[in-house]
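> I need the structure of the sequence given here:
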Amino acid sequence: MNKEKMPFQVWILTLAAFAIGTAEFVIAGILPQIATSLSITEGQAGYLISAYALAIVIGGPILTIYLARFNKKVVLTGLMALFIIGNILSALAPTYNLLLVSRVIAGLVQGPFYGIGAVVATNLVSEKMAGRAVGQMFAGLTLANVLGVPAGTWISLQFGWHNTFFTVAAFGAVAMVSILTSIKSTGHGEAKNIKTQLMAFKNPMLLISLAITALSWSGFMTLYGYLAPIAMHTTGYGEEAVTWILVIVGAGLIIGNILGGRSSDKNLGKASMFWAVAMIISLVAVGLVVDNKILFVVAAFIFGIASFANVPAMQLRVMNHGGEGQELAATANISAFNLANAFGGFLGGMVLDSQLGAGMIPFAAVIVPIIGLLFIAKVNKREKTQGKLATDFN
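Below you'll find the predicted structure:
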């Protein structure tokens, strides 16, 4: 049996995805330090999550459509250069408003880099390895949560939050130089006709699938983005403990990703409903045990598993209904995830700054995902009917 090895170039894309993912999620660990340093509330610091996520939502699909026609090596190098600039500006930002702007600049990179990078990754391997190559690249995003965020938090505590952004920029620079030196210039990719891709969005099932992602996922960032303030103000941990709490939750995310992938391959309808319910229950559980140090960490770990197990099902469902516009549908789903992240960052910040306080964040996080359950039930019913019609017809 021919065991094909993953090309070195795919690992470079993994490194780039790791840097980009760390830039997105590291705010979760350094939020209290930024708030203190810039004399703003922790809720306002949380809006930095929303600014980054909204840049992905709006900029991602537009840039992907525009950049698809150019030489992919040049595009990926240019995107990493923009990413480095954004993070250096974040590190140097003297005020909250400038930090907000720098987050938007860095956020513009994520959608097109993942979209175009995934195409490059699949072109580097044989067809039977395509799925694994994309999975390998996206592993960088999961690793960002397990290693990047805790490491960034530790750097912030030891050397100040500015140095966290400098470190992220340095990772971006290594990735950019590696892309320049080892990825071949691939042609001006025969980008699929934009009109053909946009036509896919006439399919109501695709639109409902994107709505499921946006609604069901919103609970994740509402809690994850504010784990540091909850652990410190409500559960009673010191700020040094935040680093290892994030490592434990990150381990849960990896386990969830694996379990979600396997269960979605077996039965997409059942998996999507099961994991969406599991995430809601885990959020309530975190809220109920927020005063107990040990139970809080256990519940947060389970939340990590339950939340990330939703990701493969959401991505797979969108791809299934993407038709001719699979690439654009996949990018739109990244926008849907980040629309949920933006909303979660905003909702968590509002609750944190209100009379309710940090302890109420997990309960607030449950509201929108419950609406997502109704959509999942609706799609499952439709898919069952369509499947039955297809078998009857045959």
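> walk me through the domains of this structure.
Domain assignment for the chain, taken from automatic domain parsing, gives 7-191, 193-394.
> mind checking how far K384 is from A340?
26 Å (CB to CB, to the nearest Å). Every C-beta, even on glycine, is put in place using the N, C-alpha and C of the backbone.
> re the thing from before, redo the domains of the chain as TSV? Include mean neighbour count.
TSV is the format used below for the domains of the chain (neighbours: other CB atoms under 10 Å):
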stretch	mean neighbour count
domain 7-191	20
domain 193-394	20
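> just the strands in the stretch 251-394 of the chain please.
In the stretch 251-394 of the chain, no strands are defined using DSSP state E, counting those that start in this stretch.
> any weak-confidence spans in it?
387-394 (pLDDT under 70).
> now with 50?
389-394 (pLDDT under 50).
> ditto for the stretch 1-150 of the chain
1-2.
> that one: strands as residue ranges?
Under DSSP E, counting those that start in this stretch, the stretch 1-150 of the chain gives no strands.
> how close does the spatially closest residue to L356 that is not a sequence neighbour get to L347?
Nearest residue to L356, sequence neighbours excluded (CB to CB, 6 or more residues apart in numbering): A364, at 7.6 Å. From A364 across to L347, the span is 6 Å (CB to CB).
> cool, and A377?
24 Å.
> same check, this time on D353
D353 is 11 Å from L347, by CB to CB.
> then L328?
Using CB to CB, L328 is found at 28 Å from L347.
> intersection of neighbour lists for A364 and L347?
Each of T222 lies in contact with both A364 and L347 under the rule CB atoms under 8 Å, 6 or more residues apart in numbering.
> which residues touch the helix or strand that contains S178?
Following DSSP states H and E, one finds S178 within helix 161-182. Applying CB under 8 Å, 6+ apart, the contact partners of helix 161-182 are 8-9, 12-13, 15-16, 18-20, 22-23, 26, 30, 33-34, 37, 73, 76-77, 80-81, 83-84, 87-88, 90-92, 148, 151-153, 155-156.
> if we use 6 Å, what do you get?
Residues outside helix 161-182 that contact it (CB atoms under 6 Å, 6 or more residues apart in numbering) are 9, 12, 15-16, 19, 22-23, 30, 33-34, 76-77, 80, 83-84, 87-88, 90-91, 152, 155-156.
> would you mind writing the CA trace of that helix as PDB?
C-alpha atoms of helix 161-182 as PDB (Å, rounded to 0.1, in the frame of the first residue of the first chain):
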ATOM      1  CA  TRP A 161       0.000  42.200  26.400                       C
ATOM      2  CA  HIS A 162       1.900  44.200  23.700                       C
ATOM      3  CA  ASN A 163       4.500  41.400  23.500                       C
ATOM      4  CA  THR A 164       1.700  38.800  22.900                       C
ATOM      5  CA  PHE A 165       0.900  40.600  19.600                       C
ATOM      6  CA  PHE A 166       4.600  41.000  18.700                       C
ATOM      7  CA  THR A 167       5.000  37.200  19.200                       C
ATOM      8  CA  VAL A 168       1.900  36.500  17.000                       C
ATOM      9  CA  ALA A 169       3.400  38.800  14.300                       C
ATOM     10  CA  ALA A 170       6.700  36.900  14.500                       C
ATOM     11  CA  PHE A 171       5.000  33.600  13.800                       C
ATOM     12  CA  GLY A 172       3.300  35.300  10.900                       C
ATOM     13  CA  ALA A 173       6.700  36.400   9.600                       C
ATOM     14  CA  VAL A 174       8.100  32.900   9.800                       C
ATOM     15  CA  ALA A 175       5.100  31.600   7.900                       C
ATOM     16  CA  MET A 176       5.300  34.300   5.300                       C
ATOM     17  CA  VAL A 177       9.000  33.700   4.600                       C
ATOM     18  CA  SER A 178       8.300  29.900   4.400                       C
ATOM     19  CA  ILE A 179       5.500  30.500   1.900                       C
ATOM     20  CA  LEU A 180       7.900  32.700  -0.200                       C
ATOM     21  CA  THR A 181      10.700  30.100  -0.200                       C
ATOM     22  CA  SER A 182       8.900  26.800  -0.600                       C
END
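> next structured bit after it?
The element immediately downstream of helix 161-182 (helix or strand, assigned by DSSP H and E) is helix 194-199.
> next SSE after that following helix?
Counting by DSSP H and E, what follows helix 194-199 is helix 204-224.
> packing partners of that next one?
Applying 3 or more CB pairs under 6 Å, 6 or more residues apart in numbering; DSSP states H and E, one finds that helix 204-224 contacts helix 310-320, helix 326-353, helix 367-393.
> at 7 Å what do you get?
helix 268-288, helix 310-320, helix 326-353, helix 361-364, helix 367-393 (3 or more CB pairs under 7 Å, 6 or more residues apart in numbering; DSSP states H and E).
> who touches the helix or strand just after that helix?
On the C-terminal side of helix 204-224, the closest following helix or strand by DSSP H and E is helix 227-229. Defining contact as CB atoms under 7 Å, 6 or more residues apart in numbering, one finds that helix 227-229 is touched by 28-29, 31-32, 42, 242, 245-246, 249, 300, 352, 358.
> turn these into TSV, including distance to A276.
Putting those into TSV (distance: CB to CB, whole Å) gives the following:
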residue	distance to A276
A28	22
G29	26
L31	27
P32	31
E42	28
V242	28
I245	24
L246	24
V249	19
A300	18
L352	25
A358	25
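> out of those, who's nearest A130?
V249 (30.5 Å; CB to CB).
> is that closest one in contact with G304, as I believe?
Yes - if you go by CB atoms under 7 Å, V249 and G304 touch, sitting 4.3 Å apart.
> and T235, how far from A313?
Taken as CB to CB, the span from T235 to A313 is 31 Å.
> and P204, by the same measure?
19 Å.
> nearest to L98, of the contacts of helix 227-229?
Checking the contacts of helix 227-229 one by one against L98 (CB to CB), the nearest turns out to be L31, at 17.4 Å.
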